[in-house]
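S.K.: Mind looking at a prediction? Sequence and model below.
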Amino acid sequence: MVAALFVLNTAYSAPITNPIKRTLEIQIIDSSTGEALTGVQVTADGLENAKWSDENGELTLEVSSLENSSISFSLVSYEARSIELAELQHNSIIYLSEK
């Protein structure tokens, strides 16, 4: 009985090693003009390489749904922005403001 409880406690407290993957379709827009922003660099916790928005300001990301994960957006002459993963929907529009 003691051995069974030890195994149960060990399994229960083990860290999550296979987080759930989420696919996000994102469009990035200039907050003043409403125009799509091309070439916005996007980085995310757990994402190996940066990605960039296309000519329509769009990109698709597959990210791990880990607690406290964030996605960062940056483009020359615009204010960088970081958003918590939990705040994003499958289809999200991100607005960036000029500096």
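M.R.: Right, received. Where do you want to start? Since the structure is predicted, the reported quantities are computational estimates derived from the model, not experimental observations. Residues are numbered from 1 along each chain as shown.
S.K.: And what about the most centrally placed residue in the chain, helix, strand or coil?
M.R.: When C-alpha atoms, centre = their mean is applied to the chain, the residue found nearest the centroid is I71 (3.9 Å). When the structure is reduced to helix, strand and coil (DSSP: H, G, I helix; E, B strand; the rest coil), I71 reads as strand.
S.K.: what about it, distance to T33?
M.R.: The gap separating I71 from T33 is 23 Å, by C-beta to C-beta, to the nearest Å. Bear in mind the C-beta positions are built from the backbone N, C-alpha and C, glycine included.
S.K.: Next: T60.
M.R.: Between T60 and T33 the distance, using C-beta to C-beta, works out to 24 Å.
S.K.: partner residues bridging R22?
M.R.: With DSSP bridges as the criterion, the beta-bridge partners of R22 are V63.
S.K.: What is the burial count for it?
M.R.: 15 (other C-beta atoms under 10 Å).
S.K.: ok, now which ones touch it?
M.R.: The contact partners of R22, taken as C-beta atoms under 8 Å, 6 or more residues apart in numbering, are E62, V63, S64, S65, L85, H90.
S.K.: Point out the least confident member of these, please.
M.R.: Across the contacts of R22, no position has a lower pLDDT than S65, which has 63.
S.K.: So, low pLDDT: which residues of this structure?
M.R.: Filtered on pLDDT under 70, the chain yields the residue ranges 1-19, 46-47, 65-68.
S.K.: Show the end-to-end separation of stretch 62-71, please.
M.R.: Taking C-alpha to C-alpha, to the nearest Å, the first and last residues of stretch 62-71 lie 11 Å apart.
S.K.: what sits against the closest residue to L85 other than its chain neighbours?
M.R.: Closest residue to L85 apart from its sequence neighbours, by C-beta to C-beta, 6 or more residues apart in numbering: S69 at 4.1 Å. Contacts for S69 (C-beta under 8 Å, 6+ apart) come out as A44, D45, G46, V63, E84, L85.
S.K.: Thank you kindly, that will do.
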